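Chemist: Starting from these lines, generate the structure:
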Amino acid sequence: MNTPRHFSSCVAEYDPNALPVSAAQEIVRQWALPRGRIEVERVRLFDALDRVLAKDVISPINVPFHDNSAMDGYAFDGSTLPDGSDDEPLRLTVAGTALAGQPFESRPLAAQCVRIMTGALIPPGCDTVVPQELVQRTGDAITFAAARIVRGANRRLAGEDLAQGQPALRQGRIVRASDLGLLASLGIGEVAVQRRLRVAFFSTGDELRSVGETLAPGCVYDSNRYTLFAMLRRMNVEPVDLGIVRDDRASLEQALRQATQDADVVISSGGVSVGDADFTRDLMNALGDVAFWKIAMRPGRPLAFGRLWSGKRPGEGESALFFGLPGNPVAVMATFYFIVREALLAMSGATPHALPLISATSSQPISKRAGRTEFQRGVARRDAAGRWHVVITGPQGSGVLSSMSEANCFIVLKHDAGNIDAGDSVEILPFDGLI
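Modeler: Prediction:
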């Protein structure tokens, strides 16, 4: 089995002490492969939202099921339309009405038409619909300018949207609300989905206390587990909370071995800063392999990535990917979204897509050091012309968790960029739908 370090050697700019974010993302991308054996569950539609399809969904019917009208109007045989040289209005007699779910089943005569509503079946012998707003009706007769209509207009053909036997949704798709409606329109009541990815997570630190406990001097409440839990739930993976782990080798080793046995991915927060790096690295080398432990990113420089095994030595027993995130709360969120998120999607069997960045104008100068990618917290607004403008939330320290609640976006400042002047263009990642 290849190790993360094998893949790392194939990545340009590989430096385990200060890896560019793009290089770190590429290493993670190469290692975070879909699970080898797909475990399939069948779930009803109401339980399928945000699940990953385990196989293609094949349409059992044509959609639409029959030819039908695209709008309210009058259906008729388009062969009665003149050849285009005649400017005389066309006059037709109304033979009846077709409603959605109540078809007109007789065949109109050549000089007849049928009043038809949107979605109603096209009557026998008819192939064209003239919109009601183009028609003048007097009693049981209509007239309209024939030159404004072409044969076949405003008719939706059977199977035009989706043909019977064709894939409606592909394997690896994350089921969205619109997909549930599509599946229901096909008469499909349940689908095959992949087992949720199991992600074990814990926080490390002797200073951490759980919510509800009394704070001793020098202690803080553990917020990172709640943040990680929420981000994992938003991705619809199966979170496994292992609580708080104390700062000693035996406790951390026990937690890592248990997590590797219970989960596909292990995420820790804390314990990978400069003061702890040697300790964590030694333990990681004993349990597996570390591809990198620092990246050129702010916030989030200390970040360990590798693979763990549950056996007595690397390569034995169960395995899991490992992300050792920083302890600072904002750094946890930044590294999760820009390093961890895509890996979880890929391992879930989904097809990852890049996060959508939007161009915005910085309304103020922003300090930025070249040689690292920075993710600053910002508040973005659109002006009357629809252009985006952004300002930072204030102090950008990685422990200022309130700045994430105040912000509505990350300001993404690229690796080689320096200071930003007011009026410069920057890229932002909106939080809406993400956090």
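Chemist: Could you find the closest non-adjacent residue to Ala417?
Modeler: For Ala417, ignoring the flanking residues on the chain, the nearest one in space by Cβ to Cβ, 6 or more residues apart in numbering is Lys368 at 5.7 Å. Any C-beta I mention is one placed from the backbone N, CA and C, and that applies to glycine too.
Chemist: what sits against that neighbour?
Modeler: By Cβ atoms under 8 Å, 6 or more residues apart in numbering, the contact set of Lys368 is 374, 413, 417-420.
Chemist: Name the helix or strand for Tyr226, please.
Modeler: helix 224-234 (DSSP states H and E).
Chemist: which residues in the stretch 101-250 of the chain form helices?
Modeler: 177-185, 224-234, 249-262 (DSSP state H, counting those that start in this stretch).
Chemist: Dump those into CSV; add mean neighbour count and distance to Val240 as well.
Modeler: Converted to CSV, these look like this (neighbours: other Cβ atoms under 10 Å; distance: least, Cβ to Cβ, whole Å):
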stretch, mean neighbour count, distance to Val240
helix 177-185, 14, 27
helix 224-234, 19, 9
helix 249-262, 17, 6
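Chemist: centre of the chain versus the helix holding Tyr226, how much separation?
Modeler: Relative to the mean C-alpha coordinate of its chain, helix 224-234 is positioned 16 Å out (Cα atoms, centre = their mean, to the nearest Å).
Chemist: Show me what that helix is packed against.
Modeler: strand 198-204, strand 238-245, strand 265-269, helix 329-335 (3 or more Cβ pairs under 8 Å, 6 or more residues apart in numbering; DSSP states H and E).
Chemist: CA-only coordinates of the last one, as CSV, when you get a sec.
Modeler: Coordinates of the C-alpha atoms in helix 329-335 are reproduced here as CSV (Å, rounded to 0.1, in the frame of the first residue of the first chain):
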residue,chain,number,x,y,z
PRO,A,329,-11.3,27.7,17.1
VAL,A,330,-11.2,29.7,13.9
ALA,A,331,-8.3,27.7,12.6
VAL,A,332,-10.4,24.5,13.1
MET,A,333,-13.1,25.9,10.9
ALA,A,334,-10.8,27.2,8.2
THR,A,335,-8.7,24.0,8.0
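Chemist: for it, packing partners?
Modeler: helix 224-234, strand 319-325, helix 402-406.
Chemist: Quick one, which of the ones you listed gets closest to Val266.
Modeler: Proximity to Val266 (Cβ to Cβ) singles out strand 319-325 among these, at 4.8 Å.
Chemist: What strands line up against the closest one, and which way round?
Modeler: Within its sheet, strand 319-325 is paired with strand 265-269 (parallel), strand 302-309 (antiparallel), according to DSSP bridges.
Chemist: about what we covered before: kindly provide the distance from the residue nearest to Ala417 to Glu374.
Modeler: 6 Å (Cβ to Cβ, to the nearest Å).
Chemist: Mutual contacts of these two, please.
Modeler: Contacts common to Lys368 and Glu374, judged by Cβ under 8 Å, 6+ apart, are Leu413.
Chemist: I'd like the helices of the stretch 101-250 of the chain laid out as a markdown table, including mean pLDDT and distance to Gly139.
Modeler: Listed next are the helices of the stretch 101-250 of the chain as a markdown table, based on pLDDT from 0 to 100; distance: least, Cβ to Cβ, whole Å:
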| stretch | mean pLDDT | distance to Gly139 |
| --- | --- | --- |
| helix 177-185 | 94 | 39 |
| helix 224-234 | 93 | 61 |
| helix 249-262 | 89 | 77 |
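Chemist: got JSON lines for those, with distance to Glu427 too?
Modeler: JSON lines is the format used below for the helices of the stretch 101-250 of the chain (distance: least, Cβ to Cβ, whole Å):
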{"stretch": "helix 177-185", "distance to Glu427": "28"}
{"stretch": "helix 224-234", "distance to Glu427": "21"}
{"stretch": "helix 249-262", "distance to Glu427": "35"}
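Chemist: Having no further points to raise, I will conclude here.
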